[in-house]
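Engineer: Have a look; sequence and predicted model below, questions after that.
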Amino acid sequence: MGYSTASASTTTTTKPPTRPEPPSFASIPDLRDAISSLDSKMASLMRERHALESSLERAVRLQAPIHRIPSEVLSQIYLDGVYADDNPVMIPTLMLVCRHWSEVALETPALWSKISVGPHDSLEKARRKLERSKACPLDITVNFGTRTEYAANVTEQLIHAMDLIRPALWRTRSFSLSVPNRPQAHAALARCQEDAPLLETLCIRIYRSMQDDKYYRTSRPLFNGHTPRLRSCSLTSFNFDWDEKLVSHLSVLKLEGYFNGFAPSAPTLVRILRLCPDLEEFSLRNLSDVESSDACVPMEEPIPPPPPPASKILLPKLKKITFYYAGIALARQVMGHITCPNLEYLELSYLQNITPILQMLHDQALTRLPLRALRIESCLFSEMLFVQLLRRLNSLSTLDLVDIEDASSGFLKSLSSSQPWVCPKLDTLVLDGCTSIEWDALRTFVETRLPANSYPRYHDPASFRPSPFGAYSSASAQANIVRARPTQNHSQAIAPTRLRSIDVTRCHQMSKEMVQWLKMYVAEVKCEPAKGLWGENMPS
């Protein structure tokens, strides 16, 4: 009974939950205001969230290494990577990346120093570059090509371009002008009368000079005769009366395309060379009216060398000389007046009989002539003298013979001789159009240039000589025979350089099998598609 009383005293009754009373119609506007207030708070929070996300993204981007590069370093990257590549599309593309990159590009004057004017480069673009370049040195190019059909339009654009460029000539580092005819060139250069103290490179090119019959020349010296830093001068068909102020103290002198009496004479060239003691490259191409009566002397009659000058011109830095259709008389007189102990490249093309020049080179080689590349095209010469010259050219690595009728197999046989090796560093041979070369001589030449393990018989003939007693009876007998062999000279033991490239284009005497044999032992073989012995097409 007690138990039942205690349990009854501890039990409690739970009341069911009361339901909320439905709102009255008087509280509906308040609820709507509450919902609107919550919506505005949520919108404000979303805006704050987006702002924080943008700040976070900006902070993360600022941590990237590209954004920590200083403006000066970024500007130098532009100059080294974009400016050196000379791609006109890269600079506008970089300016579209971001505002900072665009500002850095606009504040880099050297990035706008290359100014071009022509059919595809407007004057407005050149004007913008002139303004952005500020006071840095300029590289100016005015190129109108060969548009002779629009001569009037070209002349008008050319004059406007020169009027735009003229105030900036004082800070021009290089200037290049290319126009169709001579009157346009002189009309443009007549506006180049200001000093050019920074000018280092000058290039003037006239494409259609042979059609001009009048005598055009500059009335005043170019750039007021003040070009103290000019070192490279390339002139094509431009007549400047050979003013010594323009072509003195040069490192590079190139003259091309002088016809109808405009070509310089030999005394003029010699006088110019005397004014250029530091000349490194000299080129004469396509000159007429410079021939003399001894240019067409047949090979049987020896050509007397020109009288030695009173004092030769020493050009210790001259490394490259080119005579391309410049007249054998002019080339002889120029070569007879200069001494070039460091000459490395020589081109003789379309000069008829070059035997006197080869004799001068041979005399120069008696003391010093480190010639590395020799190119002869469409010329006549004495093969015996040519072989004697090759024996003196121990540094020759490239020999180009193009359309040489006198190139027989004799000089190849001399190159194959090991008493001592002739031109041991020769690795490139061009025989383009030399149809007199025999296959046996060419094959022997290639074999002698192979390593010793490929064709050892050409380095040690006794190793392949059969023994008169048959096989050796003992090791002592073999040693006695080896000791009895003549000892090789040290100069003969040094093997020549293996032939790396050979060009037999237009050598129709070479069959398909011959070319395939060359490809087995020479890394690069150049030839033209031709027909073999069975009329098959031969791949190049």
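Structural biologist: Arrived safely, thanks for sending.

Engineer: residue ranges for the strands of the stretch 351-500 of the chain, please.
Structural biologist: Shown for the stretch 351-500 of the chain, the strands assigned by DSSP state E, counting those that start in this stretch span residues 373-380, 398-402, 428-432.

Engineer: what do you get for the stretch 201-350 of the chain?
Structural biologist: 201-206, 232-236, 252-258, 281-287, 313-314, 320-324, 338-339, 345-353.

Engineer: can you redo those strands as a markdown table with mean neighbour count, distance to residue 224 and mean pLDDT?
Structural biologist: Placement of C-beta: from N, CA and C, glycine included. Output for the strands of the stretch 201-350 of the chain, formatted as a markdown table (neighbours: other CB atoms under 10 Å; distance: least, CB to CB, whole Å; pLDDT from 0 to 100):
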| stretch | mean neighbour count | distance to residue 224 | mean pLDDT |
| --- | --- | --- | --- |
| strand 201-206 | 21 | 14 | 93 |
| strand 232-236 | 19 | 17 | 93 |
| strand 252-258 | 20 | 21 | 93 |
| strand 281-287 | 20 | 27 | 94 |
| strand 313-314 | 14 | 29 | 92 |
| strand 320-324 | 20 | 31 | 96 |
| strand 338-339 | 19 | 31 | 93 |
| strand 345-353 | 19 | 35 | 94 |
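
Engineer: Turn the ones you listed into a markdown table, including distance to residue 169.
Structural biologist: Shown next, in a markdown table, are the strands of the stretch 201-350 of the chain (distance: least, CB to CB, whole Å):
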| stretch | distance to residue 169 |
| --- | --- |
| strand 201-206 | 12 |
| strand 232-236 | 16 |
| strand 252-258 | 21 |
| strand 281-287 | 25 |
| strand 313-314 | 32 |
| strand 320-324 | 30 |
| strand 338-339 | 33 |
| strand 345-353 | 34 |
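
Engineer: Relative to residue 186, which of the ones you listed is closest?
Structural biologist: Nearest of the strands of the stretch 201-350 of the chain to residue 186, taken as CB to CB: strand 201-206 at 9.4 Å.

Engineer: got any ranges where the chain has weak pLDDT?
Structural biologist: 1-26, 83-86, 147-152, 210-219, 289-310, 453-494, 530-540 (pLDDT under 70).

Engineer: Break it into its domains for me.
Structural biologist: 66-111, 397-457+491-540 (automatic domain parsing).

Engineer: looking at the ones you listed, which is buried most?
Structural biologist: domain 397-457+491-540 (a mean of 16; mean count of other CB atoms under 10 Å).

Engineer: Residue 30: neighbouring residues, count only.
Structural biologist: For residue 30, the neighbour count with other CB atoms under 10 Å is 10.

Engineer: Next: residue 28.
Structural biologist: Around residue 28 there are 10 residues (other CB under 10 Å).

Engineer: Which secondary structure state does it sit in?
Structural biologist: Secondary structure, DSSP: H, G, I helix; E, B strand; the rest coil: residue 28 is helix.

Engineer: picking up where we left off before, nearest to residue 281 among the strands of the stretch 351-500 of the chain would be which one?
Structural biologist: Judging the strands of the stretch 351-500 of the chain by CB to CB, what sits closest to residue 281 is strand 373-380, at 13.1 Å.

Engineer: Could I get the domains of the chain in JSON lines, plus columns for distance to residue 128?
Structural biologist: Compiled in JSON lines, these are given as follows (distance: least, CB to CB, whole Å):
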{"stretch": "domain 66-111", "distance to residue 128": "10"}
{"stretch": "domain 397-457+491-540", "distance to residue 128": "46"}
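
Engineer: Which one, of these, ends up nearest to residue 169?
Structural biologist: Taking those one by one with CB to CB, domain 66-111 is closest: 17.1 Å.

Engineer: Check the offset of the closest one from the chain's centre.
Structural biologist: 25 Å (CA atoms, centre = their mean, to the nearest Å).

Engineer: got the end-to-end distance for that domain?
Structural biologist: End-to-end distance for domain 66-111: 20 Å, by CA to CA, to the nearest Å.

Engineer: now stretch 69-80
Structural biologist: End to end - CA to CA - stretch 69-80 spans 15 Å.

Engineer: same check, this time on stretch 261-276
Structural biologist: Start-to-end, stretch 261-276 (CA to CA) is 25 Å.

Engineer: and that stretch, how far out from the chain's middle?
Structural biologist: For stretch 261-276, the distance to the chain centre is 28 Å (CA atoms, centre = their mean).

Engineer: can you list contacts of it?
Structural biologist: 209, 237, 239, 242, 244, 247-251, 253, 255, 258, 279, 282, 284, 287-290, 313, 315, 329-330, 333-334, 337-338 (CB atoms under 8 Å, 6 or more residues apart in numbering).

Engineer: Now, of those residues, which are buried?
Structural biologist: In the contacts of stretch 261-276, burial by neighbour count holds for 209, 237, 239, 247-248, 250-251, 253, 255, 258, 279, 282, 284, 287-288, 290, 313, 315, 329-330, 333-334, 337-338, counting by 16 or more other CB atoms under 10 Å.

Engineer: For residue 379, which of the domains of the chain is the nearest?
Structural biologist: domain 397-457+491-540 (6.9 Å).
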